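Peer 1: what's the 3D shape of this:
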Amino acid sequence: FHFTLEERKIVGITWRFLLINHNMRPDSVEPSKMATGLDGEIRKLRKKLRQIENLERMDRDLTEEEETKVSKRFELREKLHELLAQLPKNKAKVSPEDSQAVLFTSEKRSVTTETIQAEVSVEMKRQLEETQNGEVQCETPGDAGEEDSTTQPAKAQKVAPAGTEAATPTAGPSTPTEPPAAAQKPGKAKDAPRTPEEKKQARLRQMWRGLRFSVSLLKGHEDVVTSVSADGSLLVTGSRDTTVKVWDMKKATETRSLGGHTGTVTSVILLSPDESRRLSLLYDLFSDWSEKDRLVISGSTDCSIRLWSIGRGCDFRSIYTYSSVQSLCYSEEEGLIISGSDGGKIQVWDSETRNNVQSIRGHNTSVTCLQVEGTHVVSVCEEGIVKVWEIRDQNLHTVYVNESVKCNPPGPLKARPILSLAYANNKIYYGDDGTNIKVLDWKAGTVQKLPNHLRGFGSTDCMVEVEGTLLVSSGYDLDTGIGYLNVRSLPSGEYLASLCDDEAGRLTCVAHTKVTNRHRFVTGGSELLVWDQALPTEREVIAAHYEETFAGPVQHSEDESDEEEDGREDIEMGRRRRRSSAQLAQDASWCVIM
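Peer 2: So this is what the prediction gives:
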């Protein structure tokens, strides 16, 4: 996951280059032989990079041979970029109106060649002219009167000073020194929104294209951050370093480091104040409960679930599960902890008694994600199976399995390991190693695809729904090693904007909360990052950008036959990964028992 300074510079150059040219294709059949040869080499390199990514996701120490493969990542990317530069580009499908040349870049950090600088300058000049002509307008991102400086992470820890200088025009929002843009003038009658819903969506698009975010780094974990849970300025994180950490995002500091797990912490859940109070009184933890005494539930590959008290700074209850915990969810309505194991087992635990009230074989492979909404629970696995359960009498009862679904509009639908999950408005959103997000209307039995990557290779490792109105999903560009966030409106699924920092690698988990009505995202991976919606007065920011590719028609993964092969390899790699982590967890757990 980690890049050297030289790698970051080259990635910054290549990312801009690819975004300017990612839709360009050969102009004629004559050079097709050369292009076909290059395409084959490019696919091979991407396949090797995907294998390296799979190795890095394995929850164990790599062998010497595997370490050697991973060490060649930079060399492979450099060769891949050279081949991409040789592809014919004389038939551009991207018009200036359809492509943001500065998308996903941080002008203060990125180093570009003279050619790239010239192309970016032309694009930025065009955008400035549009802004001056009133063609690009945006609403004020927030009310300055709501500012609370204590809610912003420390400036000294900021890792994404992505704002441009005052004299440099940028895409999207106006510079901080300029007054807020006026409301957009109505366009042509045929383009103007007609219905109230269309007008609402138009305002939402306009607002998001004007938002800016400050990005801050929280240091403390010694390995990949695998799970995050946030509420206001309170943040709880779990990591492959086996610890659960508590953070105060007002001060951007770590307040607790909770040790007890002996394996990777795969899931953390910060309970609501009401539920924390209820369980605290039940367990007689505090005579006078306060907000600082929130409770946390964590699951780990060490075959245990632990309940933690932030106020006490320790765990007060633990549950031995007899199998590696890969996913967790909590039903506050029922007071139930639901866990998914690496072998496909789903278990239900009573939070009051810690008794195992149900244990069933829900899937044939690892249960990668669990989501609860009311009395419904959604589970997904490495085989690409989605199941919906209903909670009745503290037990799960199957009400749906995606055995026969139709893609709408018609198209290929491959079963790949599911990595991320969200549930909103009776629809199931999930991401996998494919390029698109899948939207499952489980009551109608149909699946819709939403573009989430710029090219035919990608990975949607995490997503979160926000109050049923927004879907935020991670994207990962295999060619550059850069991760980003895509924001969509719900329930329509319409693409709104993207957030990207040049130094953000693969994003493995994401959480959302609000501070004084401003958005705050927290992402994990090789780095723990806090993305705060910025005030108009803040300068060191990144702008939310719009990329037409994510709003356009769905593009299926490159070369379906290769994708099938890669999919099978990914599933088998996942099985080996889970088996190895389960064995390590079992060994560690027996050591603890002894």
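Peer 1: how about low-confidence regions in the stretch 251-400 of the chain?
Peer 2: Along the stretch 251-400 of the chain, no part satisfies pLDDT under 70.
Peer 1: thought R455 was touching T435?
Peer 2: Yes: R455 lies in contact with T435 (CB atoms under 8 Å); the separation is 7.4 Å. (C-beta placed from N, C-alpha, C; glycine too.)
Peer 1: quick one: which of the two has more around it?
Peer 2: T435 (24 against 19; other CB atoms under 10 Å).
Peer 1: State whether that one and Q555 are indeed in contact, as I suppose.
Peer 2: Yes: the pair T435 / Q555 is scored as a contact, 6.9 Å apart, by CB under 8 Å.
Peer 1: who touches both of these two?
Peer 2: Listed as contacting both T435 and Q555 by CB atoms under 8 Å, 6 or more residues apart in numbering are 451, 456.
Peer 1: Just the element for the closest residue to V388 other than its chain neighbours, please.
Peer 2: Distances taken as CB to CB, 6 or more residues apart in numbering place Y400 nearest to V388, at 3.9 Å, with adjacent residues excluded. Per DSSP states H and E, Y400 falls inside strand 395-401.
Peer 1: Kindly report the same for Y430.
Peer 2: Element membership of Y430, judged by DSSP H and E, is strand 427-432.
Peer 1: got the angle for that strand vs strand 395-401?
Peer 2: Strand 427-432 and strand 395-401 meet at an angle of 80 degrees, taking axes from the mean of the first three to the mean of the last three CA atoms, to 10 degrees as the criterion.
Peer 1: what are the pairing partners of strand 427-432, and which direction each?
Peer 2: Next to strand 427-432 in the sheet, as set by DSSP bridges, lie strand 418-424 (antiparallel), strand 436-441 (antiparallel).
Peer 1: Now the element after the helix or strand hosting C329, going C-ward?
Peer 2: Here C329 is covered by strand 325-331, with elements defined by DSSP H and E. Reading on from strand 325-331 to the C-terminus, the next helix or strand found by DSSP H and E is strand 336-341.
Peer 1: quick one, whichever helix or strand comes after that next one and strand 395-401 angle?
Peer 2: Once the chain leaves strand 336-341, the next helix or strand it forms, by DSSP H and E, is strand 345-350. With the same axes, to 10 degrees applied, the angle from strand 345-350 to strand 395-401 works out at 140 degrees.
Peer 1: Could you please name the strands strand 345-350 pairs with and the direction of each pair?
Peer 2: Here, using DSSP bridges, strand 345-350 pairs with strand 336-341 (antiparallel), strand 356-361 (antiparallel).
Peer 1: hmm, who's touching the first one?
Peer 2: Taking contacts as CB under 8 Å, 6+ apart, the residues outside strand 336-341 that touch it are 297, 299, 305, 319, 321, 323-331, 346-351, 357, 362-363, 366-370, 372, 377, 379, 391, 394, 396.
Peer 1: Please, where are all the strands along the stretch 201-350 of the chain?
Peer 2: Secondary structure of the stretch 201-350 of the chain by DSSP state E, counting those that start in this stretch: the strands cover 212-218, 225-231, 234-239, 244-248, 253-258, 265-270, 295-300, 304-309, 314-320, 325-331, 336-341, 345-350.
Peer 1: and the ones you listed as a markdown table, adding mean neighbour count?
Peer 2: Output for those, formatted as a markdown table (neighbours: other CB atoms under 10 Å):
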| stretch | mean neighbour count |
| --- | --- |
| strand 212-218 | 23 |
| strand 225-231 | 23 |
| strand 234-239 | 25 |
| strand 244-248 | 21 |
| strand 253-258 | 17 |
| strand 265-270 | 25 |
| strand 295-300 | 27 |
| strand 304-309 | 23 |
| strand 314-320 | 16 |
| strand 325-331 | 24 |
| strand 336-341 | 26 |
| strand 345-350 | 21 |
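Peer 1: Can you redo those as a markdown table, where the extra columns are distance to V386?
Peer 2: Output for the strands of the stretch 201-350 of the chain, formatted as a markdown table (distance: least, CB to CB, whole Å):
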| stretch | distance to V386 |
| --- | --- |
| strand 212-218 | 32 |
| strand 225-231 | 21 |
| strand 234-239 | 24 |
| strand 244-248 | 29 |
| strand 253-258 | 33 |
| strand 265-270 | 19 |
| strand 295-300 | 21 |
| strand 304-309 | 24 |
| strand 314-320 | 26 |
| strand 325-331 | 13 |
| strand 336-341 | 13 |
| strand 345-350 | 13 |
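Peer 1: Looking at those, spot the one closest to E467.
Peer 2: Minimum separation from E467 across the strands of the stretch 201-350 of the chain (CB to CB) falls at strand 225-231, 13.4 Å.
Peer 1: when you compare where the closest one runs with where strand 325-331 runs, what's the angle?
Peer 2: 10 degrees.
Peer 1: helices or strands next to strand 225-231 in the packing?
Peer 2: strand 234-239, strand 265-270, strand 507-515, strand 518-525 (3 or more CB pairs under 8 Å, 6 or more residues apart in numbering; DSSP states H and E).
Peer 1: Next secondary structure element downstream of the strand or helix carrying T68?
Peer 2: Following DSSP H and E, one finds T68 within helix 64-71. Heading C-terminal from helix 64-71, the first helix or strand you meet, by DSSP H and E, is helix 73-86.
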